[in-house]
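Chemist: how would this look folded up:
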Amino acid sequence: MDLASYIRNIPDFPRKGVQFKDITTLLKNKEAFRYAMDSLATLLEPKQADIVVGIEARGFIIGAPLAYLLGCGFVPVRKKGKLPAETVSKSYQLEYGVSVLEVHKDAIEPGQKVLIVDDLLATGGTTKAVCELVEELGGNIVGIGFVIELEFLKGREKLQPYQIYSLVKL
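Modeler: Alright, predicted model coming up:
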């Protein structure tokens, strides 16, 4: 299945010059969504993860069903102030500012095998911050999965030495 054909381009969103990759058109198509989830599960199942970590917000949409398919637990990484229990946090640089991500302090046990997932790999800054959070909690990152990878932004380079998996490379 050509998953790229189910991804809509939105020009100048969220700001001028950005070509936003909208996965809602993929998600609403039951065959494309099932194919994407099954394909990610097939790629990542050999990693034998204990936990899938999803990055707010579209990473939740990908991560929760993937965790279900892999028989793993699911951990959300959220923007600052959204989680109710004690958290650890990480600041990171965006193209247009600084942001903070948080995860519950008890979300990952030392030594657990962790898969990190999101809808899209662009520059890799957000995912790198999540990697640092996971490792701070003692998690062992066994892979990072994306539906889409924007190769021209070279985010994969920022995520060395982790194993990166993506379904659609643009």
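Chemist: just say helix, strand or coil for the residue most central in space within the chain.
Modeler: The centre of the chain sits closest to residue 118, judged by Cα atoms, centre = their mean, with a distance of 1.9 Å. Under DSSP: H, G, I helix; E, B strand; the rest coil, residue 118 falls in the strand class.
Chemist: that one pairs with what?
Modeler: Counting by DSSP bridges, residue 118 forms beta bridges with residue 146.
Chemist: show me where the chain has its strands.
Modeler: Along the chain, the stretches classed as strands by DSSP state E are 8-11, 19-22, 51-55, 73-79, 87-94, 97-104, 113-121, 140-149, 164-169.
Chemist: could I get these as a markdown table with distance to residue 36 and mean pLDDT?
Modeler: Where you see a C-beta, it was placed from the backbone N, CA and C, and this is true even at glycine. Formatted as a markdown table, these follow (distance: least, Cβ to Cβ, whole Å; pLDDT from 0 to 100):
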| stretch | distance to residue 36 | mean pLDDT |
| --- | --- | --- |
| strand 8-11 | 15 | 96 |
| strand 19-22 | 13 | 94 |
| strand 51-55 | 14 | 98 |
| strand 73-79 | 17 | 98 |
| strand 87-94 | 26 | 91 |
| strand 97-104 | 24 | 92 |
| strand 113-121 | 10 | 98 |
| strand 140-149 | 6 | 98 |
| strand 164-169 | 6 | 98 |
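Chemist: now tabulate these in TSV and tack on distance to residue 156.
Modeler: Conversion of these to TSV gives the following (distance: least, Cβ to Cβ, whole Å):
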stretch	distance to residue 156
strand 8-11	21
strand 19-22	16
strand 51-55	16
strand 73-79	20
strand 87-94	17
strand 97-104	20
strand 113-121	7
strand 140-149	7
strand 164-169	5
